[in-house]
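S.K.: Provided below are the primary sequence and the corresponding predicted coordinates.
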Amino acid sequence: MTNWTPDLASRSGPRYLAIADALAADVAAGNFHSGDRLPTHRDLAWRMGVTVGTVSRAYAEAERRGLIGGEVGRGTYIRAAPADAGNLLAHDRDESENLIDLTFNFPPPAAEGGVLGETLVEIAGDENELQSLLAYQPCAGRRAHRAAGAKWIALSGLEVDPERVVVTGGAQHGMLTALAALTRPGDRVATEALSYPGIKLAARLLGLRLDGLAMDDDGIIPEAFDALCRSGEIKALYCVPTLQNPTTITMPAERRAAIAGIARRHGVAIVEDDLMRLLIPDAPPPITSYAPELSYYITSLSKTVAPGLRIGFVAGPPEAVDRLAAAVRTACWMAAPLTIEVGARWITDGRAERILAARRREAAARRTRTLAILGHYDVKCGEGSLHLWLSVPDPWHASALVAEARARGVAITPADAFAIKRQDATHAVRVCFGAAVDMAALERAVNILAELLESEPPESLGAVV
């Protein structure tokens with residue numbers, strides 16, 4: 001339990017609102033982590049010299065804002081959303097915490113260091129080429145870089161003309177670029193009820209309204225999508241059909257065709273985030289292949305080759321390319337040509353596929369080991385996935401498990417971080433196995449989680465009073 005006591009010296013108005021405002025400010029400032037347990041109503045009231053009723057009203061207001069959650073007998077906790085959605089994407093943990101951090105969906109290590117050195121030497125050996133790469137480029141990317149993007153996309157079974165490809169600084173930038181080209185503030189965008197947190201950040205930045213769609217074991221339920229399209233003006237659908245984040249569901253071909261058909265009937269654009277696709281063998285055809293005239297296909301090298309290069313590609317309809325390029329220009333003028341050149345060379349000569357193969361092998365080994373320890377619980381972990389989705393068993397609560405795991409040196413992410421609406425959150429956590437420094441660290445962390453799940457929650461979690 002934290003020792004949090006709000007500073008109300010500069011706050012006016014009702015005390016309960018001042019406490020809720022102070023909590024919101026501390027969450028926004030990053031002073032809390034997802035799953036941190038707040039003082040009990042009675043304890044905080046005693047420390048502040050206010051009534052228990054005042055604290056209860058303050059906590060109720062904070063819960064209404066989506067800042068906290070709790071259950072009788074288990075405590076009151078900081079939720080992952082909305083503020084922690086940004087923290088989930090930021091790799092800025094305090095190294096002094098000595099955590100094994102399983103919150104980040106990083107690819108496992110691969111031996112690309114030597115390959116990178118060779119490539120940089122190659123580029124540096126051509127002075128004219130190097131100088132050109134350090135100059136301004138077309139906003140959509142060099143022709144050769146767009147061609148490399150088309151070749152990388154082709155590995156996913158989607159043939160596109162290089163002229164339809166726009167180069168971006170990774171898939172997150174690609175998502176923002178596609179949405180900026182498609183939407184205006186106030187537009188409604190549909191997505192999975194549990195979705196990649198980056199879509200919430202993009203929607204907030206662009207002033208978009210998100211609608212979460214019900215899912216089953218095959219992904220988005222077509223009837224839910226159709227009903228939402230009929231209920232009002234939906235501008236676009238953002239989805240991750242392959243190894244969906246966080247559920248790891250891969251949508252079958254029949255479901256993809258149904259979703260594309262609904263989008264066509266209603267004239268709804270599709271933003272397909274498919275950066276996980278190359279991690280899974282024989283994945284179904286992209287949704288884009290069923291409705292290319294409506295679709296914006298996003299991929300990158302982040303989960304498959306090297307996240308630090310920040311290389312992404314967006315393939316849109318021909319008439320949308322200028323808008324996509326304008327969105328890139330507005331955000332950053334162009335993706336970094338030097339790193340794009342590294343990736344383009346790797347794609348062209350096959351080095352990218354060799355690194356991908358090495359990452360696949362390591363990811364498969366980590367997945368096997370993790371499932372050997374946690375697989376008897378209710379988990380989803382599709383073949384090729386870099387994480388698993390664990391339904392938290394009774395008597396544990398997801399927030400309590402996150403807090404206790406962190407106290408024992410393991411960081412995981414509760415479902416709140418992925419829920420589009422508060423009511424969409426489930427008692428589940430995401431456990432990523434790619435970011436652990438090695439297999440030994442991963443095993444230590446997963447065994448700690450197993451020990452917790454096999455025990456009772458600590459009595460010290462206390463009751464909400």
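M.R.: The structure has been received and is ready for your questions. Residues are numbered from 1 along each chain as shown.
S.K.: lowest average confidence, helix or strand, in the protein?
M.R.: Least confident helix or strand, the chain: helix 84-89 with a mean of 53, by mean pLDDT, DSSP states H and E.
S.K.: name every strand pairing with whichever helix or strand comes after that helix and say which way it goes.
M.R.: Sequence order places strand 100-101 as the next helix or strand after helix 84-89, per DSSP states H and E. Note on strand 100-101: by DSSP bridges, its sheet partners are strand 410-411 (parallel).
S.K.: ok, for the most centrally placed residue in the chain, nearest residue in space, not its chain neighbours?
M.R.: In the chain, the centroid-proximal residue (CA atoms, centre = their mean) is Y196; its distance is 3.5 Å. Counting by CB to CB, 6 or more residues apart in numbering, Y196 lies nearest to N245, which is 4.5 Å off, once chain neighbours are set aside. The way it works is simple: take the backbone N, C-alpha and C, and place the C-beta from them, glycine included.
S.K.: count of neighbours near the one you found?
M.R.: For N245, the count of nearby residues is 26 (other CB atoms under 10 Å).
S.K.: any idea which element it lies in?
M.R.: Assessed by DSSP H and E, N245 sits outside every helix and strand.
S.K.: tell me the contacts of it?
M.R.: N105, S195, Y196, M276, H387, F418 (CB atoms under 8 Å, 6 or more residues apart in numbering).
S.K.: got a pLDDT number for it?
M.R.: Per-residue pLDDT puts N245 at 96.
S.K.: returning to that earlier point: looking at neighbours, which among the contacts of N245 is most surrounded?
M.R.: Among the contacts of N245, the one with the most neighbours (other CB under 10 Å) is H387, at 31 neighbours.
S.K.: gap between that one and T248?
M.R.: Distance from H387 to T248, counting by CB to CB, to the nearest Å: 7 Å.
S.K.: any shared contact partners between the two?
M.R.: Residues touching both H387 and T248 (CB under 8 Å, 6+ apart): C381.
S.K.: now P252: how far from I287?
M.R.: 11 Å.
S.K.: of those two, who's got more company?
M.R.: Higher neighbour count among P252 and I287: I287, with 29 against 14, using other CB under 10 Å.
S.K.: look up phi and psi at the more buried one.
M.R.: Reported as degrees, to the nearest 10, the phi and psi values for I287 are phi -60, psi -40.
S.K.: just say helix, strand or coil for the residue nearest to the centre of the chain.
M.R.: Classification of Y196 using DSSP: H, G, I helix; E, B strand; the rest coil returns coil.
S.K.: same check on T76?
M.R.: Assignment for T76 (three-state DSSP): strand.
S.K.: my guess is it meets Y59, correct?
M.R.: Yes. If you go by CB atoms under 8 Å, T76 and Y59 touch, sitting 6.0 Å apart.
S.K.: now the residue nearest to Y196. Its backbone dihedrals?
M.R.: N245 adopts backbone torsions of phi -100, psi 110, taken as degrees, to the nearest 10.
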